[in-house]
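[1] just coords:
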């Protein structure tokens, strides 16, 4: 079992920056990928950025050039640096960890952290 704990959300003005952090705890696991998703009111949860073991990173189009994901495999942490934030980035942000048990993929989620971009 893996537990994910997020921190770093809050209120920021348009054009500002926030850094989200997530730490995975538990024992006896190897995380395949860690990343961030977000869900705005009335919308489906969507990918923001992921980092796959081996160094591959993927970003949503809206995040490219302004958001940076960084992962520490040794510490099982993943951060999301968000710059030049826009009001449309307002959402609950969820940390995600993907593990494989044999061929079976299991996704773990954090409790979510609110990000509000508003003046």
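    Structure received. What you see is a predicted model; the values in this text were computed from it and never measured.
[2] averaged over its residues, what pLDDT does the longest strand seen in the chain have?
    Longest strand of the chain, by residue count under DSSP state E: strand 91-101. Regarding strand 91-101, the rounded mean pLDDT is 96.
[3] ok, and what's touching that strand?
    2, 4-6, 9, 20, 22, 24, 29-41, 43, 45, 48, 50, 78, 80, 105-110, 112-115 (Cβ atoms under 8 Å, 6 or more residues apart in numbering). From N, CA and C alone the C-beta is placed, and that goes for glycine too.
[4] list the buried ones in it?
    91, 92, 93, 94, 95, 96, 97, 98, 99 (16 or more other Cβ atoms under 10 Å).
[5] can I get those residues in TSV with distance to residue 85?
    Output for the buried residues of strand 91-101, formatted as TSV (distance: Cβ to Cβ, whole Å):
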residue	distance to residue 85
91	11
92	15
93	12
94	17
95	18
96	20
97	24
98	26
99	30
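[6] any idea which element the residue minimising distance to the centre of the chain lies in?
    Centroid check for the chain by Cα atoms, centre = their mean gives residue 36 as the closest residue, at 2.0 Å. Applying DSSP states H and E as the criterion places residue 36 in strand 33-39.
[7] residues touching residue 84, list them.
    15, 17, 66.
[8] quick revisit: please identify the buried residues of the strand holding residue 36?
    33, 34, 35, 36, 37, 38.
[9] nearest to residue 74, of those?
    Ranked by distance to residue 74 (Cβ to Cβ), the buried residues of strand 33-39 are led by residue 34 at 12.7 Å.
[10] ok, that closest one touching residue 71?
    Yes - taking Cβ atoms under 8 Å as the definition, residue 34 is a contact partner of residue 71 at 5.4 Å.
[11] any shared contact partners between those two?
    With Cβ under 8 Å, 6+ apart, residue 34 and residue 71 have common neighbours 51, 78.
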